[in-house]
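Trainee: got a sequence here, can you model it:
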Amino acid sequence: MKNKITPIFKICLVVLFLLLSSAVRAVDSLRCDMPRQETFDDCHRLKAVDIVVPAALIGVSALYIENGWMVRQKRAVKYAVVPKDGHKVHVDDYVQYAPVVAVYGLNLAGLRGRHSFKDRTIMLAMSYATMGIIVNTMKLAISERRPDVSTRNSFPSGHTATAFMGAQFLYEEYKSVSPLIAWSGYAVAATTAYLRIYNDRHWINDVVAGACIGIVSTKLAYKLYPLLFRKSSCHRSKVLAALPYYDGSSVGVSMSMTF
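Mentor: Predicted structure coming up:
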(Lines give C-alpha, C1' and ligand atoms only; values in the text may rest on other atoms or scores of the structure.)
Protein backbone atom coordinates (compact mmCIF):
# COMPACT_ATOMS: atom_id res chain seq x y z
CA MET A 1 0.00 0.00 0.00
CA LYS A 2 2.75 2.46 0.90
CA ASN A 3 4.47 2.20 -2.49
CA LYS A 4 1.21 3.16 -4.18
CA ILE A 5 0.64 6.10 -1.86
CA THR A 6 4.01 7.79 -2.20
CA PRO A 7 3.75 8.85 -5.89
CA ILE A 8 0.28 10.30 -5.32
CA PHE A 9 1.49 12.27 -2.33
CA LYS A 10 4.45 13.62 -4.30
CA ILE A 11 2.17 14.70 -7.14
CA CYS A 12 -0.07 16.59 -4.69
CA LEU A 13 2.92 18.40 -3.23
CA VAL A 14 4.12 19.36 -6.72
CA VAL A 15 0.67 20.77 -7.51
CA LEU A 16 0.79 22.85 -4.32
CA PHE A 17 4.27 24.16 -5.20
CA LEU A 18 3.17 25.08 -8.73
CA LEU A 19 0.25 26.98 -7.24
CA LEU A 20 2.58 29.09 -5.13
CA SER A 21 4.96 29.73 -8.01
CA SER A 22 2.23 30.84 -10.41
CA ALA A 23 0.55 33.01 -7.80
CA VAL A 24 3.62 35.14 -7.09
CA ARG A 25 5.14 35.21 -10.57
CA ALA A 26 2.91 37.96 -11.95
CA VAL A 27 3.35 40.20 -8.92
CA ASP A 28 7.13 39.88 -8.99
CA SER A 29 7.31 40.73 -12.71
CA LEU A 30 6.24 44.35 -12.26
CA ARG A 31 8.16 46.83 -10.14
CA CYS A 32 7.67 50.50 -9.40
CA ASP A 33 10.37 53.04 -8.60
CA MET A 34 8.25 54.95 -6.09
CA PRO A 35 9.17 55.43 -2.41
CA ARG A 36 7.92 52.62 -0.21
CA GLN A 37 6.34 54.79 2.48
CA GLU A 38 3.37 57.16 2.31
CA THR A 39 3.32 57.36 -1.52
CA PHE A 40 0.89 54.71 -2.68
CA ASP A 41 1.04 52.75 -5.88
CA ASP A 42 -1.13 50.44 -7.94
CA CYS A 43 1.70 48.32 -9.31
CA HIS A 44 -0.07 45.19 -8.06
CA ARG A 45 -1.59 44.38 -11.41
CA LEU A 46 -3.68 41.28 -11.88
CA LYS A 47 -3.19 39.16 -14.95
CA ALA A 48 -5.54 36.47 -16.18
CA VAL A 49 -3.22 33.79 -14.82
CA ASP A 50 -3.59 35.24 -11.31
CA ILE A 51 -7.28 34.35 -11.33
CA VAL A 52 -7.58 31.52 -13.85
CA VAL A 53 -4.92 29.25 -12.33
CA PRO A 54 -6.20 29.42 -8.72
CA ALA A 55 -9.82 29.12 -9.89
CA ALA A 56 -8.94 26.04 -11.94
CA LEU A 57 -7.14 24.47 -8.98
CA ILE A 58 -10.11 25.17 -6.72
CA GLY A 59 -12.39 23.55 -9.28
CA VAL A 60 -10.17 20.49 -9.54
CA SER A 61 -9.98 20.31 -5.75
CA ALA A 62 -13.77 20.32 -5.56
CA LEU A 63 -13.87 17.27 -7.81
CA TYR A 64 -12.08 15.31 -5.09
CA ILE A 65 -15.26 15.47 -3.01
CA GLU A 66 -17.43 13.29 -5.24
CA ASN A 67 -15.29 11.68 -7.94
CA GLY A 68 -14.67 8.06 -6.95
CA TRP A 69 -11.09 7.79 -8.21
CA MET A 70 -10.13 11.14 -6.70
CA VAL A 71 -11.73 10.25 -3.38
CA ARG A 72 -9.49 7.19 -3.23
CA GLN A 73 -6.42 9.33 -3.92
CA LYS A 74 -7.14 11.85 -1.17
CA ARG A 75 -7.73 8.97 1.23
CA ALA A 76 -4.40 7.53 0.17
CA VAL A 77 -2.72 10.84 1.07
CA LYS A 78 -4.44 10.75 4.45
CA TYR A 79 -3.15 7.26 5.18
CA ALA A 80 0.35 8.36 4.20
CA VAL A 81 0.42 11.49 6.40
CA VAL A 82 -1.83 10.93 9.42
CA PRO A 83 0.07 9.07 12.17
CA LYS A 84 -1.33 5.68 13.04
CA ASP A 85 -1.14 6.37 16.77
CA GLY A 86 -3.43 9.39 16.47
CA HIS A 87 -0.74 11.87 17.53
CA LYS A 88 -1.75 15.53 17.10
CA VAL A 89 0.25 18.75 16.76
CA HIS A 90 -1.92 21.76 17.51
CA VAL A 91 0.51 24.57 16.64
CA ASP A 92 -1.34 25.06 13.36
CA ASP A 93 -4.01 26.92 15.33
CA TYR A 94 -1.39 29.61 16.01
CA VAL A 95 1.18 29.54 13.19
CA GLN A 96 -1.53 30.38 10.66
CA TYR A 97 -1.28 33.97 11.91
CA ALA A 98 2.53 34.09 11.97
CA PRO A 99 3.06 35.82 8.56
CA VAL A 100 0.69 38.66 9.46
CA VAL A 101 2.25 39.09 12.89
CA ALA A 102 5.68 39.13 11.24
CA VAL A 103 4.75 42.14 9.07
CA TYR A 104 3.83 44.28 12.05
CA GLY A 105 6.64 42.91 14.19
CA LEU A 106 9.25 43.76 11.57
CA ASN A 107 7.88 47.28 11.25
CA LEU A 108 8.03 47.75 15.01
CA ALA A 109 11.63 46.52 14.91
CA GLY A 110 12.47 49.25 12.38
CA LEU A 111 12.42 47.21 9.16
CA ARG A 112 9.80 49.01 7.14
CA GLY A 113 7.73 47.30 4.50
CA ARG A 114 6.38 48.66 1.26
CA HIS A 115 3.36 50.53 2.61
CA SER A 116 2.38 52.67 5.58
CA PHE A 117 0.64 51.24 8.64
CA LYS A 118 -2.73 52.60 7.54
CA ASP A 119 -2.50 51.34 3.96
CA ARG A 120 -1.36 47.85 4.78
CA THR A 121 -3.88 47.48 7.62
CA ILE A 122 -6.80 48.40 5.37
CA MET A 123 -5.57 46.01 2.68
CA LEU A 124 -5.17 43.27 5.29
CA ALA A 125 -8.75 43.85 6.46
CA MET A 126 -9.96 43.66 2.85
CA SER A 127 -7.98 40.46 2.31
CA TYR A 128 -9.35 38.85 5.46
CA ALA A 129 -12.94 39.85 4.66
CA THR A 130 -12.68 38.48 1.11
CA MET A 131 -11.08 35.26 2.30
CA GLY A 132 -13.62 34.79 5.09
CA ILE A 133 -16.62 35.30 2.83
CA ILE A 134 -15.35 32.88 0.18
CA VAL A 135 -14.25 30.19 2.63
CA ASN A 136 -17.39 30.21 4.78
CA THR A 137 -19.73 30.40 1.80
CA MET A 138 -18.08 27.36 0.24
CA LYS A 139 -18.05 25.47 3.54
CA LEU A 140 -21.80 25.95 3.94
CA ALA A 141 -22.60 25.22 0.29
CA ILE A 142 -20.41 22.13 -0.15
CA SER A 143 -20.59 20.54 3.34
CA GLU A 144 -17.72 18.10 2.85
CA ARG A 145 -17.18 15.80 5.83
CA ARG A 146 -13.86 16.18 7.60
CA PRO A 147 -11.50 13.19 7.50
CA ASP A 148 -11.97 12.73 11.27
CA VAL A 149 -15.77 12.69 10.58
CA SER A 150 -16.35 15.36 13.24
CA THR A 151 -18.24 17.93 11.14
CA ARG A 152 -19.26 18.70 7.57
CA ASN A 153 -17.30 21.88 6.90
CA SER A 154 -14.01 20.53 5.60
CA PHE A 155 -13.78 22.18 2.16
CA PRO A 156 -11.90 24.48 1.91
CA SER A 157 -9.40 24.77 4.77
CA GLY A 158 -9.84 28.05 6.65
CA HIS A 159 -6.55 27.66 8.53
CA THR A 160 -4.68 27.19 5.25
CA ALA A 161 -6.48 30.11 3.61
CA THR A 162 -5.55 32.36 6.55
CA ALA A 163 -1.92 31.24 6.45
CA PHE A 164 -1.50 31.80 2.70
CA MET A 165 -3.36 35.10 2.84
CA GLY A 166 -0.79 36.21 5.43
CA ALA A 167 2.07 34.76 3.40
CA GLN A 168 1.05 36.77 0.35
CA PHE A 169 0.65 39.84 2.57
CA LEU A 170 4.20 39.40 3.89
CA TYR A 171 5.48 38.87 0.35
CA GLU A 172 3.82 42.03 -0.96
CA GLU A 173 5.27 44.15 1.83
CA TYR A 174 8.85 42.82 1.86
CA LYS A 175 9.62 41.47 -1.61
CA SER A 176 11.68 44.58 -2.43
CA VAL A 177 13.27 44.72 1.03
CA SER A 178 14.39 41.14 1.66
CA PRO A 179 13.53 38.16 -0.56
CA LEU A 180 14.31 35.81 2.32
CA ILE A 181 11.75 37.49 4.56
CA ALA A 182 9.24 37.75 1.72
CA TRP A 183 9.38 34.04 0.91
CA SER A 184 9.50 32.83 4.51
CA GLY A 185 5.75 33.27 4.89
CA TYR A 186 5.12 30.55 2.34
CA ALA A 187 7.18 28.08 4.35
CA VAL A 188 5.01 28.81 7.38
CA ALA A 189 1.83 28.56 5.30
CA ALA A 190 2.91 25.25 3.74
CA THR A 191 3.66 23.92 7.22
CA THR A 192 0.17 24.94 8.34
CA ALA A 193 -1.36 23.13 5.36
CA TYR A 194 0.65 19.98 6.07
CA LEU A 195 -0.37 20.00 9.74
CA ARG A 196 -4.03 20.29 8.83
CA ILE A 197 -3.67 16.99 7.00
CA TYR A 198 -1.40 15.51 9.67
CA ASN A 199 -3.95 16.30 12.38
CA ASP A 200 -6.67 14.59 10.32
CA ARG A 201 -8.67 17.80 10.05
CA HIS A 202 -8.49 18.26 6.29
CA TRP A 203 -8.02 16.42 3.03
CA ILE A 204 -5.32 17.38 0.52
CA ASN A 205 -7.90 19.05 -1.75
CA ASP A 206 -9.10 21.21 1.16
CA VAL A 207 -5.68 22.73 1.75
CA VAL A 208 -4.95 23.27 -1.96
CA ALA A 209 -8.23 25.17 -2.33
CA GLY A 210 -7.54 27.10 0.87
CA ALA A 211 -4.10 28.14 -0.38
CA CYS A 212 -5.60 29.42 -3.65
CA ILE A 213 -8.28 31.42 -1.86
CA GLY A 214 -5.81 32.97 0.58
CA ILE A 215 -3.39 34.12 -2.11
CA VAL A 216 -6.09 35.49 -4.43
CA SER A 217 -7.79 37.34 -1.56
CA THR A 218 -4.63 39.33 -0.83
CA LYS A 219 -3.92 39.95 -4.51
CA LEU A 220 -7.42 41.34 -4.99
CA ALA A 221 -7.07 43.62 -1.97
CA TYR A 222 -3.76 45.03 -3.23
CA LYS A 223 -5.34 45.65 -6.63
CA LEU A 224 -8.62 47.14 -5.43
CA TYR A 225 -7.38 49.36 -2.60
CA PRO A 226 -5.70 52.05 -4.74
CA LEU A 227 -8.70 52.02 -7.07
CA LEU A 228 -11.25 52.44 -4.28
CA PHE A 229 -9.51 54.78 -1.86
CA ARG A 230 -7.06 56.99 -3.75
CA LYS A 231 -5.62 57.77 -7.14
CA SER A 232 -2.24 56.32 -7.88
CA SER A 233 0.66 58.32 -9.25
CA CYS A 234 2.43 55.20 -10.42
CA HIS A 235 0.96 55.18 -13.91
CA ARG A 236 0.51 58.86 -14.58
CA SER A 237 1.92 59.50 -18.01
CA LYS A 238 4.70 61.98 -18.57
CA VAL A 239 4.57 63.86 -21.87
CA LEU A 240 7.54 65.88 -23.09
CA ALA A 241 6.89 68.34 -25.95
CA ALA A 242 9.55 70.32 -27.80
CA LEU A 243 8.65 72.97 -30.39
CA PRO A 244 11.07 75.17 -32.34
CA TYR A 245 10.32 78.87 -32.47
CA TYR A 246 11.53 82.02 -34.19
CA ASP A 247 10.52 85.45 -32.85
CA GLY A 248 12.14 87.54 -35.57
CA SER A 249 15.44 88.03 -33.77
CA SER A 250 16.31 84.67 -32.21
CA VAL A 251 15.81 80.98 -32.75
CA GLY A 252 15.22 78.44 -29.99
CA VAL A 253 13.28 75.45 -28.73
CA SER A 254 10.32 75.67 -26.39
CA MET A 255 9.92 72.63 -24.13
CA SER A 256 7.13 71.59 -21.78
CA MET A 257 6.44 68.54 -19.66
CA THR A 258 3.07 67.41 -18.35
CA PHE A 259 2.56 64.81 -15.56
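
Trainee: from now on I want contacts and neighbour counts done on CA atoms only, so please keep to that.
Mentor: OK.

Trainee: tally of neighbours for Asn205?
Mentor: Neighbourhood size, Asn205 [other CA atoms under 10 Å]: 28.

Trainee: pretty sure it contacts Ala62?
Mentor: Yes - Asn205 sits in contact with Ala62 when judged by CA atoms under 8 Å, with a separation of 7.1 Å.

Trainee: what sits closest to Thr191 if chain neighbours are left out?
Mentor: Leaving aside its chain neighbours, Thr191 sits nearest to Asp92 (8.0 Å; criterion: CA to CA, 6 or more residues apart in numbering).

Trainee: that neighbour: what's it in contact with?
Mentor: The contact partners of Asp92, taken as CA atoms under 8 Å, 6 or more residues apart in numbering, are 159, 191-192, 195-196.

Trainee: show me how to select, in PyMOL, the buried members of these.
Mentor: To isolate the buried ones among those in PyMOL, judged by 16 or more other CA atoms under 10 Å, type:
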select buried, resi 159+191+192+195+196
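
Trainee: nearest to Tyr225 among the contacts of Asp92?
Mentor: The closest of the contacts of Asp92 to Tyr225 turns out to be His159 (CA to CA; 24.4 Å).

Trainee: how near is the closest one to Val208?
Mentor: From His159 over to Val208 the distance is 11 Å, taken as CA to CA, to the nearest Å.

Trainee: spatially central residue for the protein, please.
Mentor: When CA atoms, centre = their mean is applied to the chain, the residue found nearest the centroid is Ile215 (1.9 Å).

Trainee: residues in contact with it?
Mentor: Here Ile215 is in contact with 23, 161, 164-165, 167-168 (criterion: CA under 8 Å, 6+ apart).

Trainee: which pair in those spans the largest distance?
Mentor: Checking the contacts of Ile215 with CA to CA, the most distant pair is Ala23 and Ala161, at 13.7 Å.

Trainee: check what pLDDT Phe229 gets.
Mentor: With respect to pLDDT, Phe229 scores 80.

Trainee: and it, how far is that from Val135?
Mentor: Taken as CA to CA, the span from Phe229 to Val135 is 25 Å.

Trainee: ok, these two, which is more surrounded?
Mentor: Higher neighbour count among Phe229 and Val135: Val135, with 23 against 9, using other CA under 10 Å.
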